[in-house]
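Trainee: What follows is a protein structure lacking sequence information:
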Ligand SMILES: NC(=O)C1=CN([C@@H]2O[C@H](COP(=O)(O)OP(=O)(O)OC[C@H]3O[C@@H](n4cnc5c(N)ncnc54)[C@H](O)[C@@H]3O)[C@@H](O)[C@H]2O)[C@@H](O)CC1
Ligand SMILES: Nc1ncnc2c1ncn2[C@@H]1O[C@H](COP(=O)(O)OP(=O)(O)OP(=O)(O)O)[C@@H](O)[C@H]1O
Ligand SMILES: [Mg+2]
């Protein structure tokens, strides 16, 4: 049973059901922090078992596929046509939860990127002292100075019925006490939720807050990923396996492990986005990614797509492609001086090149 359990877990399955690993591959099990410890033990066991399988039977394991030519057309299909028949807001009203005294750029980058990708309205819910600063960056953003007010949850909750998607975490700092409640209320509204940066800190502490929510997307960088699942042997050959196993352990949540290649999975397959970017690693690129992902996730879940493709994976692939394309275009102009602000200026042409040509 142990070997079967390990093998099924390794092959992206859950716990073994009496019908065997094929079924188990679709069973979702809820794990809390201690459950992740069990998953880690299993993971070590499965890595050993799988190396035996691979050595003796040459069995491939996780199938990761760069599927640009298969997925990019799916991204194109979710982009809503611009028509005079629509009213303001119909193409997306996105909320960014983040922004504190230390970090005001991140929520701005995420919010303005959402607008530039095609959302009609972009709201930022931040602390009082960050609000004035972010408002000064741009009149296009609707900035709510509520995160550190005593009735912060009520202040955010009254906007939730009008929002199509949330991006939680950019520049949030440690204001994550209220996050759990806001995430729960947002899940109840069945809207896509992208969790990045300091929002991932909360998920690290309490995986159950987002676990199993099919419209949830986590966008960790390498450091954030290793903190999420600290005991994973994260060597280069295991990225795909690790990201797949964390997704399964989190109830088939969509995961984006950002890096030289972005690895995207909902636990069934691993897709890699390795569109040419550049060697420039300025801060804020992940915020452009999370903001654009917030809009694409709303669009992807709003239209019918192929049954065998998770809309969150399509949205994630689109956002990763767009961010890397913006990086590449900005780098061609600015070289090592490229900043995220330069990349945001490239969103329009990058979007046209990728999704409208
Ligand atoms: N111009 C700006 O305002 C920018 C602000 N940024 C913000 O800066 C903050 C830090 O982001 P960095 O990318 O620098 O990340 P760090 O490398 O500082 O930390 C990575 C993430 O892990 C979390 N973390 C830190 N220590 C941890 C621990 N012991 N266990 C678990 N999680 C831990 C942090 O909250 C952070 O979100 C984030 O809120 C991010 O959004 C960045 O996005 C860069 C640009
Ligand atoms: N080594 C790399 N080569 C090419 N692209 C990369 C590399 N590392 C990251 N990227 C790309 O940069 C973007 C941001 O990833 P990064 O790991 O910098 O996120 P982050 O640390 O969360 O950023 P932020 O500073 O906004 O918090 C992603 O689109 C990712 O694909
Ligand atoms: Mg980040």
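Mentor: The structure has been received and is ready for your questions. Every value quoted in this text rests on a predicted model; they were computed, and no experiment measured them. Ligands and ions are numbered 1, 2, ... in the order given.

Trainee: Quick check: the residue of the stretch 251-357 of the chain nearest ligand 2.
Mentor: residue 286 (2.5 Å; Cβ to the nearest ligand atom). Bear in mind the C-beta positions are built from the backbone N, C-alpha and C, glycine included.

Trainee: list the helices and strands the helix or strand where that residue lies packs on?
Mentor: Take DSSP states H and E as the rule and residue 286 turns out to sit in helix 285-302. Judged by 3 or more Cβ pairs under 8 Å, 6 or more residues apart in numbering; DSSP states H and E, the packing partners of helix 285-302 are helix 68-78, strand 93-97, helix 105-117, strand 165-168, strand 193-195, helix 311-334, helix 340-345.

Trainee: got the contact list for the residue of the chain found nearest ligand 1?
Mentor: Closest to ligand 1 within the chain is residue 105: 2.6 Å, counting by Cβ to the nearest ligand atom. Contact analysis of residue 105 by Cβ atoms under 8 Å, 6 or more residues apart in numbering lists 171, 283-284, 287, 340.

Trainee: Buried ones among those residues?
Mentor: Listed as buried from those are 171, 284, 287, 340; burial here means 16 or more other Cβ atoms under 10 Å.

Trainee: Show me the two of those residues that sit farthest apart.
Mentor: 171 and 340 (12.4 Å; Cβ to Cβ).

Trainee: follow-up on the earlier one: count residues in the vicinity of the residue of the stretch 251-357 of the chain closest to ligand 2, would you?
Mentor: 23 (other Cβ atoms under 10 Å).

Trainee: still on that earlier bit, tell me the spacing between the residue of the chain closest to ligand 1 and residue 324.
Mentor: Residue 105 sits 20 Å away from residue 324, going by Cβ to Cβ, to the nearest Å.

Trainee: Kindly report the same for residue 117.
Mentor: 14 Å.

Trainee: for residue 289, same thing?
Mentor: 9 Å.

Trainee: When those two are compared, which one has more neighbours?
Mentor: Higher neighbour count among residue 289 and residue 324: residue 289, with 29 against 24, using other Cβ under 10 Å.

Trainee: For residue 247, see how far away the more buried one is.
Mentor: Counting by Cβ to Cβ, the gap from residue 289 to residue 247 is 18 Å.

Trainee: quick one: average pLDDT of stretch 220-231?
Mentor: Mean per-residue pLDDT for stretch 220-231: 87.

Trainee: Distance to residue 86 and mean pLDDT for the helices and strands packed on helix 285-302 - can I get that in TSV?
Mentor: Formatted as TSV, the helices and strands packed on helix 285-302 follow (distance: least, Cβ to Cβ, whole Å; pLDDT from 0 to 100):
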stretch	distance to residue 86	mean pLDDT
helix 68-78	16	90
strand 93-97	13	98
helix 105-117	16	98
strand 165-168	17	98
strand 193-195	24	98
helix 311-334	20	98
helix 340-345	24	98
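
Trainee: so which of these gets nearest ligand 3?
Mentor: Closest approach to ligand 3 among these (Cβ to the ion): helix 105-117, 7.3 Å.

Trainee: could you check the angle strand 93-97 makes with the very next helix or strand once past that closest one?
Mentor: As assigned by DSSP H and E, the chain's next helix or strand after helix 105-117 is strand 121-126. Interaxial angle, strand 121-126 versus strand 93-97 (axes from the mean of the first three to the mean of the last three Cα atoms, to 10 degrees): 20 degrees.

Trainee: What residues of stretch 142-159 count as buried?
Mentor: For stretch 142-159, by 16+ other Cβ under 10 Å, it's 143-148, 152-153, 155-156.

Trainee: Any part of the helix holding residue 286 near ligand 3?
Mentor: Yes: on the criterion Cβ under 5 Å from the ion, helix 285-302 is in touch with ligand 3 at residue 286.

Trainee: what residues are up against residue 119?
Mentor: 91-94, 294-295, 298.

Trainee: near ligand 1, from the buried ones among the contacts of residue 105?
Mentor: Filtering those for neighbours of ligand 1 using Cβ under 6 Å from any ligand atom leaves 171, 284, 287.
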